[in-house]
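1. this one's structure only:
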């Protein structure tokens with residue numbers, strides 16, 4: 001941590017150049033003898049990335065930003081505020097502290113918080129920033145959070161963990177045991193230290209597989225921002241062996257789309273051809289797998305078992321995108337070439353959007369929405385829609 005970065009003239013330079021071309025600035029070299037151009041560039045890039053994701057840090061004076069990868073990997077303030085409301089008590093430990101965004105929001109709900117971070121410089125940065133942000137109830141430990149717990153006799157109200165994927169694990173598919181710390185391996189030990197564990201996971205993880213890896217899962221939260229799934233949260237409670245509740249939320253500007261159901265509910269769907277309105281669930285629901293539960297809770301019917309599109313004769317509130325059906329045709333390339341421009345979505349269809357555009361020459365954009373899908377009779381259909 002280069003403390004010279006916090007000097008007033010350096011901070012003024014950073015704020016003045018937030019909209020500047022970073023490459024050109026690097027080529028000019030640093031105007032400060034004690035700070036390299038690379039260090040300046042990192043502060044600028046990291047602060048730029050924080051403007052929408054971390055407005056508290058962006059707006060606060062004298063904040064020291066870490067390597068940009070720490071900003072990319074950290075929780076947003078939206079998701080941090082959400083997860084902090086899921087747990088309560090007097091004491092909490094964040095054993096994978098990182099840049100401290102989650103820790104800051106936990107500090108608003110707990111009397112004491114411990115931030116553990118194995119990277120000494122990052123821990124120093126967080127400690128400095130918390131001082132600037134007037135966070136007084138956080139203590140800092142430089143080292144492995146699991147080791148901290150092993151050497152502590154303290155019983156905590158909650159343990160928070162954000163495991164990171166091990167570097168030797170390749171490919172898109174991985175399990176919780178492939179992460180550090182290895183939570184499934186340490187679960188019995190962790191429950192000796194607390195009755196409540198909250199785990200943040202990558203959206204890539206399979207929900208059912210992760211539940212099977214763990215013990216005492218009470219709730220799973222799927223969090224999306226503007227229809228992009230950002231986090232999976234697993235809330236564990238010692239001794240809990242009842243139904244797992246799946247809760248989804250999609251943050252859309254000032255609106256929250258929420259939908260929840262029990263994991264092992266025996267819901268079934270009714271099927272129907274496209275009616276007056278077409279509904280596409282938000283990405284949090286799609287990730288949760290609650291496809292049949294939608295028809296149980298909302299007055300809609302499904303187009304096909306595997307299509308994950310819904311329809312109704314009258315307009316209903318729905319956690320996702322809503323369209324008015326204009327026309328429905330069988331899939332026909334010759335007929336589709338008459339369409340010049342449209343937004344294309346595929347659901348349970350044998351061709352990709354790119355293949356369809358290549359075959360039909362339909363340009364992207366406009367006010368027409370085309371859904372390429374399979375209906376209840378296993379026929380390939382194209383649904384012409386306008387957005388409601």
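-> Nice, thanks for sending it over. Everything numeric in this text was worked out from a predicted model, so none of it was measured. Numbers count the residues shown, from 1 in each chain.
2. mind listing the helices for the stretch 51-200 of the chain?
-> 55-59, 68-73, 77-84, 101-106, 120-132, 145-150, 183-193 (DSSP state H, counting those that start in this stretch).
3. Which strands and helices lie in contact with the fourth one?
-> So that's helix 101-106. Applying 3 or more Cβ pairs under 8 Å, 6 or more residues apart in numbering; DSSP states H and E, one finds that helix 101-106 makes contact with helix 77-84, strand 91-94, strand 112-117. All C-beta spots, glycine's among them, are computed from the backbone N, C-alpha and C.
4. now what about that helix, what contacts it?
-> Residues from elsewhere that reach helix 101-106 (Cβ atoms under 8 Å, 6 or more residues apart in numbering): 54, 56-57, 74-77, 80-81, 83-84, 87, 92, 94, 97, 113, 115, 126, 130, 133, 135, 138, 160, 162, 200.
5. Tell me if I'm right that residue 371 and residue 387 touch.
-> No - applying Cβ atoms under 8 Å as the test, residue 371 and residue 387 come out as separate, 11.8 Å apart.
6. which residues do the two both contact?
-> Common neighbours of residue 371 and residue 387 (Cβ under 8 Å, 6+ apart) are residue 323.
7. picking that back up, determine which stretch of the helices of the stretch 51-200 of the chain is the most buried.
-> Mean neighbour count (mean count of other Cβ atoms under 10 Å) peaks for helix 101-106 among those, with a mean of 25.
8. re the thing from before, ranking the helices of the stretch 51-200 of the chain by mean pLDDT, which is last?
-> With a mean of 90, helix 68-73 has the lowest mean pLDDT of the helices of the stretch 51-200 of the chain.
9. Just give me how far that one sits from the chain centre.
-> 14 Å (Cα atoms, centre = their mean, to the nearest Å).
10. now stretch 146-160
-> Remark: stretch 146-160 is offset 27 Å from the chain centroid, using Cα atoms, centre = their mean.
11. for the residue positioned nearest the centre of the chain, what are its contacts?
-> In the chain, the residue lying closest to the centroid (Cα atoms, centre = their mean) is residue 230, at 1.0 Å. Shown in contact with residue 230 (Cβ under 8 Å, 6+ apart): 76, 79, 203, 223-224.
12. ok, residues contacting the least confident helix or strand in the chain by mean pLDDT?
-> Between all helices and strands in the chain, the lowest mean by mean pLDDT, DSSP states H and E belongs to strand 164-165, at a mean of 81. The set of residues external to strand 164-165 that reach it, using Cβ under 8 Å, 6+ apart, is 73, 96, 174, 178-180, 202.
13. at 6 Å what do you get?
-> Here strand 164-165 makes contact (Cβ atoms under 6 Å, 6 or more residues apart in numbering) with 179-180.
14. partner strands of it, parallel or antiparallel?
-> strand 179-180 (antiparallel) (DSSP bridges).
15. could you give the mean pLDDT of the strand it pairs with?
-> Mean pLDDT, strand 179-180: 87.
16. any idea how far the residue sitting furthest away from the middle of the chain is from residue 211?
-> No residue in the chain sits farther from the centre than residue 334, which is 40.7 Å out by Cα atoms, centre = their mean. Look at residue 334 and residue 211: by Cβ to Cβ, to the nearest Å, they are 48 Å apart.
17. Then residue 89?
-> Distance, residue 89 to residue 211, by Cβ to Cβ: 24 Å.
18. try residue 153
-> Taking Cβ to Cβ as the measure, residue 153 falls 31 Å from residue 211.
19. More neighbours: these two, which one.
-> residue 211 (16 against 5; other Cβ atoms under 10 Å).
20. check contacts around that one.
-> So residue 211 contacts residue 217 (Cβ under 6 Å, 6+ apart).
21. Could you look up the SS state of it?
-> helix (DSSP: H, G, I helix; E, B strand; the rest coil).
22. Please tell me how far it sits from residue 175.
-> 12 Å.
23. What of residue 30?
-> Residue 30 is 45 Å from residue 175, by Cβ to Cβ.
24. Please apply the same query to residue 163.
-> Taking Cβ to Cβ as the criterion, residue 163 is separated from residue 175 by 11 Å.
25. more neighbours, the two?
-> Set residue 163 next to residue 175 and count neighbours by other Cβ under 10 Å: residue 163 wins out with 20 against 15.
26. Count the residues that sit near the closest residue to the more buried one other than its chain neighbours.
-> Of all residues not flanking residue 163 in the chain, residue 179 sits nearest, at 3.5 Å (Cβ to Cβ, 6 or more residues apart in numbering). Residue 179 is flanked by 22 other residues according to other Cβ under 10 Å.
27. same question, the one 3 residues further on
-> A count of nearby residues for residue 182, using other Cβ under 10 Å, gives 16.
28. what do you get for residue 220?
-> Neighbour tally, residue 220, other Cβ under 10 Å: 23.
29. Pretty sure it sits against residue 247.
-> No - with contact defined as Cβ atoms under 6 Å, residue 220 and residue 247 do not form a contacting pair (7.1 Å).
30. what residues are shared contacts of those two?
-> Among the neighbours of residue 220, none is also in contact with residue 247 (Cβ under 6 Å, 6+ apart).
31. Contacts for stretch 333-353 next, please.
-> 304, 306-309, 356, 359-360, 362-363, 365-366, 368-374.
32. Okay, and which of the residues you listed map to helices?
-> Under the assignment DSSP state H, the contacts of stretch 333-353 contribute 356, 359-360 to helices.
33. Filter those down to the buried ones and hand me the ChimeraX line.
-> Buried residues among those (16 or more other Cβ atoms under 10 Å), as a ChimeraX selection:
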select :356,360
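34. ok, of the ones in helices among the contacts of stretch 333-353, which one's closest to residue 292?
-> Distances from residue 292 to the ones in helices among the contacts of stretch 333-353, taken as Cβ to Cβ, are shortest for residue 356 (28.0 Å).
35. isn't residue 142 right next to residue 119, touching?
-> No - contact criterion Cβ under 6 Å: residue 142 and residue 119 do not qualify, at 8.1 Å.
36. model confidence over the strand or helix carrying residue 293, on average?
-> Under the criterion of DSSP states H and E, residue 293 resides in helix 291-297. Across helix 291-297, the average pLDDT comes to 92.
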